[in-house]
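**Student:** can't give you the sequence, but here's the structure:
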């Protein structure tokens, strides 16, 4: 799997990390949604045992190995220039135009 990003998206991802280490996890969040899931990006301190690493420029993205089959092999992640969200697409699919980043680092200690 590969995820392509442009320089603007790279800048927005770096801003989300706020100078701290972290992993971006791309996943379908099914908690409290009553549906098949909402595509989300979460910043984690550490990968889980079931996560697959996907290097993306200066970042490491994670995808759960069970959810990996839900995505095409090549994805595009684009930051929205007028709204704090991202678009995830491929050559054959539009996954979402309103993907938000949730910082979940240090959540275990809270």
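**Tutor:** In hand now; what should we look at? What you are looking at is a predicted structure, and each value in this text was computed from that prediction instead of being measured. Residues are numbered from 1 along each chain as shown.

**Student:** Show me the strands in the protein, by range?
**Tutor:** Secondary structure of the chain by DSSP state E: the strands cover 2-5, 23-29, 38-44, 51-56, 59-64, 74-79, 86-89, 94-99, 101-103.

**Student:** Quick one: closest of those to residue 14.
**Tutor:** Across the strands of the chain, residue 14 has its closest neighbour in strand 59-64 (8.1 Å, Cβ to Cβ). Backbone N, C-alpha and C define where each C-beta goes, glycine included.

**Student:** tell me the angle that closest one makes with strand 23-29.
**Tutor:** Put simply, strand 59-64 runs at 30 degrees to strand 23-29, going by axes from the mean of the first three to the mean of the last three Cα atoms, to 10 degrees.

**Student:** Tell me how many other residues surround residue 95.
**Tutor:** 18 (other Cβ atoms under 10 Å).

**Student:** what do you get for the one 5 residues further on?
**Tutor:** Close neighbours of residue 100, defined as other Cβ under 10 Å, add up to 15.

**Student:** For it, which residues are in contact?
**Tutor:** Each residue near residue 100 by Cβ atoms under 8 Å, 6 or more residues apart in numbering is listed here: 40-41, 84-86.

**Student:** Any chance of a ChimeraX selection covering the buried ones in the residues you listed?
**Tutor:** Buried residues among these (16 or more other Cβ atoms under 10 Å), as a ChimeraX selection:
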select :40,41,85,86
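
**Student:** Now for the contacts of residue 100: which two are most distant?
**Tutor:** Greatest spacing in the contacts of residue 100, by Cβ to Cβ: 40 and 84 (13.3 Å).

**Student:** any low-confidence regions in the chain?
**Tutor:** Segments of the chain classed as low confidence (criterion: pLDDT under 70) are 30, 32-35, 108-110.

**Student:** again, only this time at 90
**Tutor:** Counting by pLDDT under 90, the chain contains low-confidence ranges at 28-38, 106-110.

**Student:** quick one on the thing from earlier: export the strands of the chain to a markdown table and tack on distance to residue 11?
**Tutor:** Putting those into a markdown table (distance: least, Cβ to Cβ, whole Å) gives the following:
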| stretch | distance to residue 11 |
| --- | --- |
| strand 2-5 | 10 |
| strand 23-29 | 14 |
| strand 38-44 | 15 |
| strand 51-56 | 13 |
| strand 59-64 | 12 |
| strand 74-79 | 8 |
| strand 86-89 | 12 |
| strand 94-99 | 16 |
| strand 101-103 | 13 |
